[in-house]
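Colleague: Okay, sequence plus prediction incoming.
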Amino acid sequence: MRKFFYIIIALLPLLVVGCDSSNTNTTQTSSIAKLTAFSFVANDSMPGLGKAVFTIEERIDTGLVYNKDSMLYGTSLERVVPRFVFQVAVGTATLKMPDTTLTLTGYDTLNFSKQPIYLTLTSTDRTTTKVYEIRPTVHQADPDLFVWEQLTDVIYPADESEQRVVELAGDFVMIANNGFSNTAFASADGASWYELGTPSGLPASARVRQIISDGLTLYYADGTTLYTSDDALTWTPQTMSYEMKTMLMNWNGRVWVLVDNNGLELAYLGGTDISLTGLRPDDEFPISDFATVQFESASQRARAMIIGGYAETGKSLNTRWNFEYSPQIKENDGYRINEFSIDRPTFTSLTGISVIWYDDKLMLFGGVDANMTYLGRDILISDDEGLNWTKADTAKNQLPEVYQARQKQTAIVRDNNIYLFGGKDKTTTYSDVYKGRLNSIDW
């Protein structure tokens with residue numbers, strides 16, 4: 001092995017691009033014609049060009065040289081310097097390109113943007129020829145661009161109903177209430193929907209936007225009665241020990257509720273009853289039309305936020321309640337809460353919004369302010385876990401023109417796709433579905 005190492009080092013100057021047949025008089029003739037490495041010389045004006053890693057796949061006929069991970073969007077291959085490394089010096093190395101054929105003679109600046117490109121090697125003793133197809137790839141899609149599409153324009157005639165969409169056993173389930181009765185619909189992909197029927201056991205006047213799911217079971221609270229269902233159709237009532245003001249969220253393996261225990265207190269469902277946490281938010285904690293989002297913080301702690309909504313007094317809130325769990329927190333079962341709006345008061349009062357965690361950022365959709373003014377079609381972004389918010393770059397992330405500004409929509413992330421369901425504006429209740437995706441989310 002050591003002897004082979006010294007041979008490679010000795011031949012290295014002859015193996016890099018720039019070798020031609022004139023160099024072979026200093027090298028022992030060989031019947032080998034084999035490419036062992038390919039790359040592009042780094043170029044400051046094209047970040048990532050020199051970092052592209054190419055794989056050489058030997059085949060019986062034509063070998064293949066390709067990069068498994070495409071180069072950055074916008075990388076130009078029109079003027080690049082290729083670097084070839086051969087197992088031993090070759091007699092000739094010829095590149096056949098769509099508009100020319102040339103023999104490599106040095107650090108050639110070439111146009112690799114047009115394909116196919118073939119490299120033909122001939123051994124120094126002229127007995128062996130090997131051909132490789134060189135297939136460099138560049139991402140053709142802008143990595144920062146969100147692509148949005150409408151999956152369906154109408155699930156059902158919405159009229160003045162309210163809706164809630166949850167995930168249940170791998171499907172999307174929408175439950176709509178028109179003030180007199182409930183109807184459930186289901187879809188596997190968000191595009192094709194079918195009616196499940198009228199749920200039994202669920203109150204006819206249910207505030208369906210307060211239904212939450214843990215993936216296998218649906219939960220709804222009305223006073224001291226908890227309703228549960230595993231199919232969205234059959235609901236079972238159960239009397240609990242405390243009055244439940246609202247269902248909050250499924251987070252950190254627990255279903256959270258807000259209860260009245262001589263004042264507001266955060267609790268979660270445990271066993272057959274409610275477990276209190278000792279966390280008591282003030283009166284400006286929402287009981288309706290708020291948004292919840294769950295994520296893992298940069299410090300790798302389980303985090304959740306409850307944003308905006310209406311307090312029990314009917315006040316429209318600008319609050320952002322931050323929940324955090326850590327085993328190092330000794331009190332309150334490891335949980336604590338704090339209210340971001342105390343030191344960040346510029347956040348406006350919001351109700352009927354939806355918030356998701358996507359691409360390590362918070363994204364906020366829809367809603368109205370305290371004057372019932374619709375926020376418009378802009379998407380708000382927070383890249384510091386809810387402290388500060390800015391409008392998304394509309395050149396990169398903008399909902400389709402057909403999407404109308406609204407509130408009370410549902411936003412869900414599944415398989416790195418964003419789904420927006422329904423909602424309502426001043427005159428119309430929608431039952432449409434939109435899907436969005438960041439181009440680079442899974443590159």
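Modeller: Done, it's in.
Colleague: Quick one: residues contacting Arg320.
Modeller: Shown in contact with Arg320 (C-beta atoms under 8 Å, 6 or more residues apart in numbering): Met305, Ile306, Ile307, Gly308, Glu339, Phe340, Ser341, Arg344, Phe347, Gly386. No exception for glycine: its C-beta is placed from N, CA and C like everyone else's.
Colleague: Excluding sequence neighbours, find me the nearest residue to it.
Modeller: The shortest distance from Arg320 to any non-neighbouring residue, by C-beta to C-beta, 6 or more residues apart in numbering, is to Phe340 (4.0 Å).
Colleague: and the one you found, how many neighbours?
Modeller: 19 (other C-beta atoms under 10 Å).
Colleague: same thing with Thr348?
Modeller: 15.
Colleague: Thr198 - how many residues pack around it?
Modeller: Around Thr198 there are 12 residues (other C-beta under 10 Å).
Colleague: Output the longest strand belonging to the chain.
Modeller: For the chain, the longest strand by residue count, based on DSSP state E, is strand 236-251.
Colleague: Let me see the mean pLDDT of it.
Modeller: What strand 236-251 shows for mean pLDDT is 96.
Colleague: ok, residues contacting whichever helix or strand comes after that strand?
Modeller: The first helix or strand that comes after strand 236-251 along the chain, using DSSP states H and E, is strand 254-260. With C-beta under 8 Å, 6+ apart as the test, strand 254-260 has contacts from 212, 214, 219, 221, 242-250, 264-270, 274, 276, 285, 287.
Colleague: For these, which ChimeraX command selects only the ones that are buried?
Modeller: Buried members of the contacts of strand 254-260, defined by 16 or more other C-beta atoms under 10 Å, are picked up in ChimeraX with:
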select :212,214,219,221,242,244,245,246,247,248,249,250,264,265,266,267,268,269,274,276,285,287
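Colleague: ok, back up a step: wait, what's in contact with the residue nearest to Arg320?
Modeller: Neighbours of Phe340 in contact, by C-beta under 8 Å, 6+ apart: Thr319, Arg320, Trp321, Asn322, Phe347, Gly386, Leu387.
Colleague: Tell me, how many residues neighbour the fourth one?
Modeller: Here the number of neighbours of Asn322 (other C-beta under 10 Å) works out to 18.
Colleague: The strand or helix carrying Ala304 packs against which elements?
Modeller: Here Ala304 sits within strand 302-307, counting by DSSP H and E. Here strand 302-307 touches strand 236-251, strand 291-296, strand 320-325, going by 3 or more C-beta pairs under 8 Å, 6 or more residues apart in numbering; DSSP states H and E.
Colleague: On the three-state scheme, the closest residue in space to Ser205 that isn't next to it in sequence is what?
Modeller: Spatially, and ignoring its direct neighbours in sequence, Ser205 is nearest to Gly179 (6.7 Å; C-beta to C-beta, 6+ apart). Reducing the assignment at Gly179 to three states with DSSP: H, G, I helix; E, B strand; the rest coil gives coil.
Colleague: Where does pLDDT dip in the stretch 1-150 of the chain?
Modeller: Confidence mapping of the stretch 1-150 of the chain against pLDDT under 70 gives the ranges 1-27, 106.
Colleague: Parallel or antiparallel, which strands does the longest strand of the chain pair with?
Modeller: Note on strand 236-251: by DSSP bridges, its sheet partners are strand 218-229 (antiparallel), strand 254-260 (antiparallel).
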